[in-house]
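Colleague: With the sequence up front, the predicted model follows.
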Amino acid sequence: MTDATKAGFVDFDSHIASAALPDGLREVLQVLARTCAEISDVVADGALAGALGASGQINVQDEEQKKLDVMTNDMLTDALLACPFVAGVASEEMDEVQPAIHPAGQYLVLFDPLDGSSNIDINAPVGTIFSVLASPSPTPTEADFMQPGRAQVASGYALYGAQTMLVLTTGSGVTGFTMAPEGRWLLTHPDIRIPADTREFAINMSNQRHWADGVQRYVTGCLEGADGPRGKNFNMRWVAAMVADVHRILMRGGVFLYPWDRREPEKPGKLRLMYEGNPMALLVEQAGGKATLDGVAPILDVVPERLHQRVPVALGSANEVDQIAAA
Ligand code: F6P
Ligand code: MN
């Protein structure tokens, strides 16, 4: 590739250094960026790193862990717990929160180390999602993690796709970095905004017969296109990795739904609040979109009750999320 530095791109460290952030948060974000670059290498090596296939273990969500789920969880946990500003971590792949033993620990980091794991073995996009909270204590318990998404001081994701990208918010807009050789993140998307209108929706259509009536009406309206009440044709996309679907929405608009459905009526949805819903919701709101449970109630206002709790998700272009609410 051309020399990215010559092309004048600002790198992650310089960008973060110029932002008005506490030193500790800056360091936590640097650890996350560095580890995501390392994860990108392992993902890219795939079979060469012995990283494909199942690990033979089941996680707390009763899901079969892939080898890469376990490897990336260990990489993030080790790197974050070694950072003196981290007070504790929690992950999709670990039953319980892990406190760090640092007297200066100020931040809690929650993560989904490898989102979209069903894509690993077919070489389709996967990602890492993270959420950062201020810790009420240097020796946190699970109760200290139970903060609504609005309290996040930062969130973001890495997308291991055609390009490896890191997308970040610290509560004032959304910035995107593209990975250059040697794991250097360069600022390529300084101000990501989601268009308010769209003609694109994302939902797993194979669950249609299980959806509630409102979701049925909304999707039927989209499918009827120019001949129906919406008066315009829609396209549909489903990558089966939330990171990749949300990234598309941040880049060109759209809506993403993973609603409650009747398959397991006692479960509010499939996606997890603390390390999927909340970090993505902060990014989407900071980019001018809406991130809701049902078209109306903001995900960021949910008061968490459990570390691994699930939520329904309807997020994306603001005017289109309103259509979900009105359906
Ligand atoms: O982490 C859960 C997840 O893999 C998301 O990344 C993705 O959006 C969704 O599940 C895919 O679900 P399904 O298997 O129903 O397509
Ligand atoms: Mn996930």
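Modeller: That came through, no problem. Residues are numbered from 1 along each chain as shown. Ligands and ions are numbered 1, 2, ... in the order given.

Colleague: what mean pLDDT does the helix or strand harbouring residue 69 have?
Modeller: Assigned by DSSP states H and E, residue 69 falls within helix 67-81. What helix 67-81 shows for mean pLDDT is 97.

Colleague: Packing partners of that helix?
Modeller: When contacts are defined as 3 or more CB pairs under 8 Å, 6 or more residues apart in numbering; DSSP states H and E, helix 67-81 sits against helix 23-45, strand 54-58, strand 86-91, strand 107-115, strand 126-134. C-beta here means a position set from N, CA and C on the backbone, and glycine is covered the same way.

Colleague: want to throw the ones you listed into a markdown table with mean pLDDT, distance to ligand 1 and mean neighbour count?
Modeller: What follows is the helices and strands packed on helix 67-81, written out as a markdown table (pLDDT from 0 to 100; distance: least, CB to the nearest ligand atom, whole Å; neighbours: other CB atoms under 10 Å):
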| stretch | mean pLDDT | distance to ligand 1 | mean neighbour count |
| --- | --- | --- | --- |
| helix 23-45 | 97 | 15 | 19 |
| strand 54-58 | 89 | 15 | 13 |
| strand 86-91 | 98 | 12 | 27 |
| strand 107-115 | 98 | 5 | 28 |
| strand 126-134 | 98 | 8 | 26 |
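
Colleague: So what touches the helix holding residue 69?
Modeller: Residues outside helix 67-81 that contact it (CB atoms under 8 Å, 6 or more residues apart in numbering) are 28, 31-32, 34-35, 38-39, 42-43, 50-55, 57, 59, 86, 89, 91-94, 98, 100, 109, 111, 113-114, 117, 120, 126, 128, 130.

Colleague: Next, the contact list for the residue of the stretch 201-327 of the chain found nearest ligand 1, please.
Modeller: Relative to ligand 1, the nearest point of the stretch 201-327 of the chain is residue 242 (3.5 Å; CB to the nearest ligand atom). For residue 242, the contacting residues are 115, 116, 127, 129, 256, 258, 271, 276, 280, by CB under 8 Å, 6+ apart.

Colleague: Show me what the first one bridges to in the sheet.
Modeller: What that stands for is residue 115. On the basis of DSSP bridges, residue 115 is bridged to residue 127.

Colleague: and the gap between residue 308 and ligand 2?
Modeller: Counting by CB to the ion, to the nearest Å, the gap from residue 308 to ligand 2 is 12 Å.

Colleague: got it, and residue 312?
Modeller: Between residue 312 and ligand 2 the computed distance is 15 Å (CB to the ion).

Colleague: and stretch 83-102, how far from the chain's centre?
Modeller: Here stretch 83-102 is found 18 Å from its chain centre; the criterion is CA atoms, centre = their mean, to the nearest Å.
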